[in-house]
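Participant: I would like the atomic coordinates for the input below:
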Amino acid sequence: MIAKIFAIWALLATSAYISVSTEECTTRWFDRDDPSGMGDYELLAELLTANPGDICPIPTGIEARTISGVSATQTGNVFQVYDATHGLVCVNAAQGRGHCADYKVRFICPEEFCSSCRTPWIDRDNPGGVGDFETLDRIQIEYPLQVCPQPIAIEVTTLSGTQIQQTLSIFQIFDPLLGFACVNGKVSCQDYRVRFTCPQSFCQSKCVTRWFDRDDPSGNGDYETLSDLLNEYPGLICQNPIGIEAQTVSGLQASQTGNIFQAYNTVSGFACVNANQAGVHCLDYKVRFLCPDSFCSICRKPWIDRDNPGGVGDYETLINILAETPERACPQPIAIEVATISGTTVMPTGNNFEVYDPLHGFACKNTQQIGGVCQDYKVRFTCPKNFC
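Facilitator: Okay, the predicted model is just below:
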């Protein structure tokens, strides 16, 4: 995957990047037109209409490149429009001879757009080896359920907060759909961190399914593919998950096993092929999914807060909820949501939770927390349709 990304971005290594501050983010690239007619028209108004929610209405900056990666300033084309207010226009008739190149554009957006649905900062790598690789595919594996599959913007700074244009490094990857990568050269990379802006739907209510283990690695490998799971567990998984997490059946995070994965994403699911493991076999994996509100709300029970963290911790376990308030749950929930009593949503890997599963409920143990005490949590369950 990394080799493929480098091939795509090879032409970008010597290009100038946009100056961004810690309060601005960079969108993905957009290419809605080509110069086969009168020219190439990448107008902001049309891009906003064609990509609702993916671009801020009032950008603070714009960058244009050919679809092969050459900076617009290096093509020799004359532009009728090239600014953040209107977008880009290149008219064939104005080029003297020849046509406009085929361009793509991206925008710099202000704080209010970036923060509408922003992930925490993530630093998964350091530049001690080849470079610093904060790529989205690895982040999805190492920080499961924490970042949306299709981010709409990205921010990058050094760990100390230095703006990236001040580091003098060359970036091989800088795109919300790919993440970030800096390769050491004459100038060594600094240690970078990234965070993403996700579609607003990712920050709305969402729920976590139970674990599924439909295969084992005794044959060609372990295949926990979404299509197979949907067929074998009808009604228990959403059709279009927005997150996936894989662990071994003993509970070890997939990113810590050393296995190479053929698939680990919300579209295909999970697959580990024995032939790709350099002489060893895949371990036996289980998977679970993050589902959107439309799935959670089909048969959702009310929030319940039966405990507080004043003792050992906060225990919102299913067995206790069924015993105390059976109308607030069902014996076999298909999904669970957890939030603080103030309403802040929490994900399974966001804190050190002892239990986070619809079949068991939720438990947070004080001694496992950095601050020595859990927050006060509430839970609600999604049940099979026959319970509604």
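Participant: Find the nearest non-adjacent residue to residue 172, please.
Facilitator: residue 181 (4.7 Å; C-beta to C-beta, 6 or more residues apart in numbering). In short, each C-beta sits where N, CA and C put it, glycine included.
Participant: An error on my part: the question was meant for residue 167.
Facilitator: The nearest residue in space to residue 167 (C-beta to C-beta, 6+ apart) is residue 190, at 5.2 Å.
Participant: ok, that neighbour - contacts?
Facilitator: The contact partners of residue 190, taken as C-beta atoms under 8 Å, 6 or more residues apart in numbering, are 127, 132, 158, 159, 162, 167, 169, 182.
Participant: didn't the third one look like it was pressed against residue 164?
Facilitator: When you say that, I think you mean residue 158. Yes. The criterion here is C-beta atoms under 8 Å, and residue 158 meets it with residue 164 at 7.4 Å.
Participant: Out of the contacts of residue 190, show me where the pLDDT dips lowest.
Facilitator: Across the contacts of residue 190, the bottom pLDDT score, 70, is held by residue 167.
Participant: pretty sure that one contacts residue 158?
Facilitator: Yes. Using C-beta under 8 Å, residue 167 is in contact with residue 158, at 6.4 Å.
Participant: Paired strands for whichever strand or helix holds residue 88, with orientation please.
Facilitator: Secondary structure from DSSP states H and E places residue 88 in strand 87-91. Take DSSP bridges as the rule and strand 87-91 pairs in its sheet with strand 39-43 (antiparallel), strand 81-83 (antiparallel).
Participant: what's next to it, contact-wise?
Facilitator: 35, 38-47, 62, 64, 72, 77-82, 100-101, 103, 105.
Participant: Buried residues, it. List them.
Facilitator: For strand 87-91, a neighbour-count test (16 or more other C-beta atoms under 10 Å) marks 87, 88, 89, 90, 91 as buried.
Participant: how near is residue 129 to residue 300?
Facilitator: With distances taken as C-beta to C-beta, to the nearest Å, residue 129 is found 46 Å from residue 300.
Participant: More neighbours: which of these two?
Facilitator: Set residue 129 next to residue 300 and count neighbours by other C-beta atoms under 10 Å: residue 300 wins out with 18 against 9.
Participant: Now the residue nearest to that one when sequence neighbours are not counted: phi and psi?
Facilitator: Computed as C-beta to C-beta, 6+ apart, the closest residue to residue 300 that is not its neighbour in sequence is residue 382, at 5.3 Å. The phi/psi pair for residue 382 (degrees, to the nearest 10) reads phi -100, psi 130.
Participant: so what's residue 382 bridging to?
Facilitator: residue 300, residue 335.
Participant: thought it was touching residue 336?
Facilitator: Yes. Between residue 382 and residue 336 there is a contact at 7.4 Å, judged by C-beta under 8 Å.
Participant: overlap in contacts of those two?
Facilitator: Common neighbours of residue 382 and residue 336 (C-beta under 8 Å, 6+ apart) are 207, 358.
Participant: who's residue 285 bridged to?
Facilitator: Counting by DSSP bridges, the residues bridging with residue 285 are residue 248.
Participant: for the one 5 residues further on, same thing?
Facilitator: For residue 290, the beta-bridge partners are residue 208, residue 243 (DSSP bridges).
Participant: Can you name the residues that contact it?
Facilitator: 145, 206, 207, 208, 209, 241, 242, 243, 244, 245, 347 are the contacts of residue 290 under C-beta under 8 Å, 6+ apart.
Participant: again with residue 174
Facilitator: By C-beta under 8 Å, 6+ apart, the neighbours of residue 174 are 17, 26, 154, 156, 180.
Participant: Please apply the same query to residue 99.
Facilitator: 35, 39, 92.
Participant: per-residue confidence for it?
Facilitator: For residue 99, the predicted pLDDT is 92.
Participant: Likewise for the one 10 residues further on?
Facilitator: Turning to residue 109, the model gives it a pLDDT of 97.
Participant: burial of the residue lying closest to residue 185 once chain neighbours are set aside, as a residue count?
Facilitator: The shortest distance from residue 185 to any residue other than its chain neighbours is 6.5 Å, reached at residue 170 (C-beta to C-beta, 6+ apart). A count of neighbours around residue 170, defined by other C-beta under 10 Å, yields 18.
Participant: Check residue 232 too.
Facilitator: 12.
Participant: In contact with the nearest residue to it once chain neighbours are set aside, which residues?
Facilitator: Nearest in space to residue 232, with sequence neighbours left out and distances taken as C-beta to C-beta, 6+ apart, is residue 214 at 5.6 Å. When the contact criterion is C-beta under 8 Å, 6+ apart, the partners of residue 214 are 223, 224, 228, 229, 232, 233.
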